[in-house]
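# Got a predicted structure here, sequence first:
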Amino acid sequence: METIGLKTELDTRSLDLRRDILLTLRAAQRGHLGSAFSLVEIIRVLFDDILHYDANNPEWEDRDRFILSKGHGCLALYALLADKGFIPRSELWSFCQSGGILGGHPDHKVPGVEASTGSLGHGLSIGLGFALSARMAGRDTKTVVILGDGECNEGSVWEAAMSAGKHGLDSLTVLVDYNKHQSYGATSVVQDLEPFSDKWTAFGFNTREVDGHDIHELRATLSSLPYEEGKPNAIICHTVKGKGIPQCENDLAWHHKSKISSEDIDTLMNDLGVSHA
């Protein structure tokens, strides 16, 4: 599984979204690159093909709910929110700056953001509440939560998973961005998650594994939700931290940069093969 995603080709749309992330980083001169690049295809397929929403009416009652629990990957989410018209694209250029609405972690005041996240381990519990609320209200809506693999060290993740299995929430889907690295080491060293799929299955989930950069595989896997009546869904997405720029891939130095120059961004854009404008 370590090599899944490494050789998956990125199409023009995936490259363009990464370019917007780099332009956002240029404006702020800081941010999480690796954690955002591993997420792009997952969030892209959700917003392009799976989730029901109205960018002109973000509070539409019958929308599907999406939570990015690994909030430090927010640059991928911001790029999609701008792409879909939830926020002006120009708002990206005020990322982490005074007067802007986009912080280093998502805030529920941003249109299209359902919950403030980034204190890791909380998103699945919030999603659990959303899914239970929808059931009680008789709404046939989906709740989708993206977790980080390092985040799955948190006990609160598994408390929520146990509760989701108990309540048979087949409207709830967990996607894990399994890039196999966290801030200071490989997940296999910091706190080994394996056998990862078996853990989700043991907590009552119908579990699948996919290449998290393969658009067609993601679309096919997500289009068949729910997988089994009375069981929540878990999709382990095998990804590459920093996917798309060889010098950043699986390099923990690119987990977060507190200072990044325009020249650095130019080099990254050249490596990605996109224009600088």
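Sure thing, it's come through. Computed from a predicted structure; not experimentally measured.
# and the residue lying closest to residue 164 once chain neighbours are set aside, how many neighbours does it have?
Counting by Cβ to Cβ, 6 or more residues apart in numbering, residue 232 is the residue found nearest to residue 164 once chain neighbours are left out, at 4.3 Å. To be clear about C-beta, it is placed using only N, CA and C from the backbone, and glycine gets the same treatment. Using other Cβ atoms under 10 Å, residue 232 is surrounded by 33 other residues.
# same deal with the one 4 residues further on?
Around residue 236 there are 23 other residues, counting by other Cβ under 10 Å.
# Am I right that it is in a strand?
Yes - counting by DSSP: H, G, I helix; E, B strand; the rest coil, residue 236 is found in a strand.
# if we can go back for a sec, roughly how far does the residue nearest to residue 164 sit from residue 69?
15 Å (Cβ to Cβ, to the nearest Å).
# same question, residue 164
13 Å.
# cool, and residue 165?
Counting by Cβ to Cβ, the gap from residue 165 to residue 69 is 18 Å.
# what do you get for residue 252?
From residue 252 to residue 69 the distance is 21 Å (Cβ to Cβ).
# So if I had to pick from those two, which one is more boxed in?
residue 69 (31 against 15).
# For the more buried one, which non-adjacent residue is closest in space?
Nearest to residue 69 is residue 123, by Cβ to Cβ, 6+ apart, at 2.3 Å.
# now swap in residue 201 and tell me
In space, residue 201 is closest to residue 207, 4.9 Å off (Cβ to Cβ, 6+ apart).
# Where do the helices of this protein begin and end?
Remark: helices assigned in the chain by DSSP state H are 12-28, 34-37, 40-45, 74-83, 123-137, 155-167, 187-190, 196-202, 215-223, 262-272.
# Identify whichever of those lies nearest to residue 178.
helix 196-202 (7.0 Å; Cβ to Cβ).
# average pLDDT for that closest one?
For helix 196-202, mean pLDDT is 98.
# show me what contacts residue 58?
Residue 58 is in contact with 86, 111-112, counting by Cβ atoms under 8 Å, 6 or more residues apart in numbering.
# Can you tell me how far it is from residue 80?
13 Å.
# List the contacts of stretch 266-277.
Contacts of stretch 266-277 (Cβ under 8 Å, 6+ apart): 15-16, 18-19, 22, 33, 244-248.
# Switch the residues you listed over to TSV; also include neighbour count and pLDDT.
Shown next, in TSV, are these (neighbours: other Cβ atoms under 10 Å; pLDDT from 0 to 100):
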residue	neighbour count	pLDDT
15	14	97
16	15	97
18	26	98
19	20	97
22	25	97
33	27	95
244	25	97
245	21	96
246	11	94
247	11	94
248	20	96
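# from those residues, which two are the most distant?
Farthest pair in these, by Cβ to Cβ: 16 and 247, 20.2 Å.
# is it true that residue 186 touches residue 192?
No - taking contacts as Cβ atoms under 8 Å, residue 186 lies outside contact range of residue 192: 9.1 Å.
# quick one, which of those two is more surrounded?
Between residue 186 and residue 192, counting by other Cβ under 10 Å, residue 186 is the more crowded of the two (16 against 10).
# what sits against that one?
With Cβ under 8 Å, 6+ apart, residue 186 has these contacts: residue 180.
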